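**Student:** Have a look at this prediction, sequence included:
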Amino acid sequence: MAGTDPRRQVGTDGEDAVARWYGAAGYEVLDRNWRVREGELDLVVRGAGTLVFCEVKTRRSDRFGLPVEAVTLRKQQRLRVLAGRWLEAHASARGGRLRFDVASVVPDGGGGWIVSVLEAAF
């Protein structure tokens, strides 16, 4: 697509790969890129009685560290607030366990992506 920001496209491609990963693991994607004033949730999925809020970090390489390392304590706190806001807006989704995952996505060298999901990251 002409005019697409390459960094944004890398992020979108990474989120697509993670959504496929969760789908293959039997999860249902409930929301993607859910935004409110305080920020954005990348993925909200449900599976096996657990509601998962997943932060996706995609990088073109791990030259500057693993993508998961970009999820700082401050970012974790903001994600908890965002999850609370999402739950307020989606009362019917309440119930069961909550979990916060972080997904790292890097190129596999062959045009695809390597997805590593750290479940219950924080």
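**Tutor:** Arrived safely.
**Student:** could you pull out the helices for the chain?
**Tutor:** Taking DSSP state H as the criterion, the chain carries its helices at 6-24, 73-89.
**Student:** how near is residue 83 to residue 98?
**Tutor:** 7 Å (C-beta to C-beta, to the nearest Å). (C-beta placed from N, C-alpha, C; glycine too.)
**Student:** should've said residue 19
**Tutor:** Distance from residue 19 to residue 98, counting by C-beta to C-beta: 19 Å.
**Student:** can you check residue 23 too?
**Tutor:** Here the criterion is C-beta to C-beta. By it, residue 23 lies 20 Å from residue 98.
**Student:** neighbour-wise, which of residue 83 and residue 98 wins?
**Tutor:** Neighbours per residue (other C-beta atoms under 10 Å) separate residue 83 from residue 98, with residue 83 holding more: 19 against 14.
**Student:** Contact partners for that one?
**Tutor:** By C-beta atoms under 8 Å, 6 or more residues apart in numbering, the contact list for residue 83 reads 41, 53, 98, 100.
**Student:** rewinding a little: which one of the helices of the chain has the most crowded surroundings?
**Tutor:** Ranked by mean neighbour count under mean count of other C-beta atoms under 10 Å, the helices of the chain are led by helix 6-24, which reaches a mean of 16.
**Student:** Tell me which helix or strand in the protein has the weakest average pLDDT.
**Tutor:** Across the helices and strands of the chain, mean confidence by mean pLDDT, DSSP states H and E is lowest for helix 6-24: a mean of 91.
**Student:** ok, residues contacting that one?
**Tutor:** Residues contacting helix 6-24 (C-beta under 8 Å, 6+ apart): 29, 32-33, 42-43, 45, 47, 52, 54, 56-60, 103, 105, 112-113, 115, 117.
**Student:** which regions of this structure lie under the pLDDT threshold?
**Tutor:** Low-confidence segments of the chain, defined by pLDDT under 70, span residues 1-4.
**Student:** Pipe the helices of the chain into TSV and attach distance to residue 121 per row.
**Tutor:** Below are these laid out as TSV (distance: least, C-beta to C-beta, whole Å):
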stretch	distance to residue 121
helix 6-24	13
helix 73-89	8
